[in-house]
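Trainee: Following is a predicted model, sequence given first.
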Amino acid sequence: MSKQIKKHFRLSVSILLFAGFSQHTKAQNMDSLMLLMDGAAPKIENVTATFKTTRLINLNTIEQVKRGELDFRISHRFDDIAGAAGGIKTLYGFDNVTDIRIAFDYGVTDRWTLGFARSKGAYLRRQILDFNSKIKLTQQKAGKGMPVSMSLYLASELSTMTSSSDTMSTIYFGKKASHRLNYVSQLLIARKFGSRFSAILAPTLVHRNLVHYTENNTSFSIAAGIRYKFTKRLGIILDYYYNFDNTKTTGNGYYTPLGIGLELETGGHVFHFLFSNNKSLLESQFLTENKDNWLKGQFRFGFNISRVFNVVK
């Protein structure tokens, strides 16, 4: 074979190899494009049902009421199981009703909930209306993507109780309307780990317009909560607040709330059967006025019931 023929042969082989490689690459790119167009590429999905309801025991969760749905919730606390108010004489606190809260939360959108509630109880004779809003900021994604879900909770509380002339009492309310107002802000940060375990942290700010001169108007705390599912319908829940207010220490006789309970989902209702050391059901109260100690038997049985209705089809 002459040198010229060999040269043409090598050139032809090179052209054929390059053309084949180009066609193979082009085919691969076309296949990838077709997979993408067909939706076969991996999807980043939202992590849902981090918690079963919008609240644990005392702590809000990042769950929202869906658009057009109404969450009707009843929270109830009895009296101390042991101690002066407990024991067999009061059937371990069941004879005495301390606080009850009836709440309605409506889903304006899937990311925005508006709520209204009424609280009433024997503890400090509180009678409170509270108006609240929860806004979803981020949603946890499966796999790569956003690692946590976050929501912002804001509430205003208005006391409707009769004014007291006892200026040294913590239940005093003056004639000014502003004296009857308290405010709560929470940043809710939660993550679901697998299919059974969820955890939440919540930096919390409480502001009370009227306080005793030895108290702070504004107090900061951090809450933590968990939920662990044993089965599809049964789980354990726990939440705890740590208060950084230097006037609300154990040395001054104040204790932060700790609650633990069982969660039961029946298909229509969600029940929380729980024990906690706080009577009151609002952050402005159980973070600033709670003097009940678990170690002294000053904890009580209570329950939360949640039922969601679809009011807009």
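Mentor: Yep, that arrived.

Trainee: For the closest residue to Thr138 other than its chain neighbours, list each beta-bridge partner.
Mentor: Counting by C-beta to C-beta, 6 or more residues apart in numbering, Thr138 lies nearest to Met150, which is 4.6 Å off, once chain neighbours are set aside. For the C-beta atoms, the positions are set from N, CA and C on the backbone; glycine is no exception. Here Met150 sits in beta bridges with Thr138, Ile189, going by DSSP bridges.

Trainee: Can you verify my assumption that Met150 contacts Ile62?
Mentor: Yes. Assessed by C-beta atoms under 8 Å, Met150 is found in contact with Ile62 at 6.7 Å.

Trainee: if I look at the two, which residues touch both of them?
Mentor: Contact criterion C-beta atoms under 8 Å, 6 or more residues apart in numbering; residues shared by Met150 and Ile62: Lys136, Leu188, Ile189, Ala190.

Trainee: ok, now how distant is the last one from Ser156?
Mentor: The one in question is Ala190. Distance of Ala190 to Ser156, computed by C-beta to C-beta, to the nearest Å: 24 Å.

Trainee: cool, the first one as well?
Mentor: Here Lys136 is placed at a distance of 20 Å from Ser156 (C-beta to C-beta).

Trainee: What of the third one?
Mentor: Distance from Ile189 to Ser156, counting by C-beta to C-beta: 23 Å.

Trainee: Show me which of those two is the more surrounded one.
Mentor: Ile189 (17 against 14; other C-beta atoms under 10 Å).

Trainee: now the helices: where do they sit in the stretch 201-313 of the chain?
Mentor: Here the stretch 201-313 of the chain has its helices, by DSSP state H, counting those that start in this stretch, at 283-286.

Trainee: Quick check: phi and psi on the residue sitting nearest the centre point of the chain?
Mentor: The centre of the chain sits closest to Thr61, judged by C-alpha atoms, centre = their mean, with a distance of 1.0 Å. Per-residue torsions, Thr61: phi -110, psi 180 (degrees, to the nearest 10).

Trainee: Quick check: closest non-adjacent residue to it.
Mentor: Phe51 (4.1 Å).

Trainee: Which helix or strand contains the one you found?
Mentor: Using DSSP states H and E, Phe51 sits in no helix or strand.

Trainee: Next one: it from Val206, what distance?
Mentor: Counting by C-beta to C-beta - Phe51 and Val206 are separated by 22 Å.

Trainee: Check Ile44 too.
Mentor: 37 Å.

Trainee: Looking at these two, which is more packed in?
Mentor: Val206 (26 against 10).

Trainee: Let me see the contact set for that one.
Mentor: By C-beta under 8 Å, 6+ apart, the contact set of Val206 is Asn182, Tyr183, Val184, Thr218, Ser219, Phe220, Ser221, Glu283, Ser284, Leu287, Thr288.

Trainee: circling back to that earlier point, quick check: pLDDT value at the residue nearest to the centre of the chain.
Mentor: pLDDT, Thr61: 97.

Trainee: Surely Leu129 and Lys120 touch.
Mentor: No. Applying C-beta under 8 Å, one finds Leu129 not in contact with Lys120, separated by 10.1 Å.

Trainee: List the contacts of the residue nearest to the centre of the chain.
Mentor: Applying C-beta under 8 Å, 6+ apart, the residues near Thr61 are Thr50, Phe51, Thr53, Thr54, Arg55, Leu188, Ala190, Ile200, Gly225.

Trainee: Then Ser149?
Mentor: Val47, Thr50, Ile62, Lys136, Thr138, Gln139, Gln140, Ile189, Ala190, Arg191, Lys192.

Trainee: For PyMOL, write the selection for the buried entries among those residues.
Mentor: A single PyMOL command is used to select the members of the contacts of Ser149 judged buried by 16 or more other C-beta atoms under 10 Å:
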select buried, resi 47+50+62+136+139+140+189+190+191+192
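
Trainee: low-confidence ranges in the stretch 101-250 of the chain?
Mentor: In the predicted model of the stretch 101-250 of the chain, residues 122-125, 163-175 satisfy pLDDT under 70.

Trainee: how about a cut-off of 50?
Mentor: For the stretch 101-250 of the chain, applying pLDDT under 50 flags the ranges 166-170.

Trainee: can you map out the strands along the stretch 1-150 of the chain?
Mentor: Under the criterion DSSP state E, counting those that start in this stretch, the stretch 1-150 of the chain carries strands at the ranges 69-80, 97-109, 112-121, 127-138, 149-159.

Trainee: quick one: buried residues of the first one?
Mentor: Put plainly, it is strand 69-80. Buried positions in strand 69-80, judged by neighbour count with 16+ other C-beta under 10 Å: Glu69, Asp71, Arg73, Ser75, His76, Arg77, Phe78, Asp79, Asp80.
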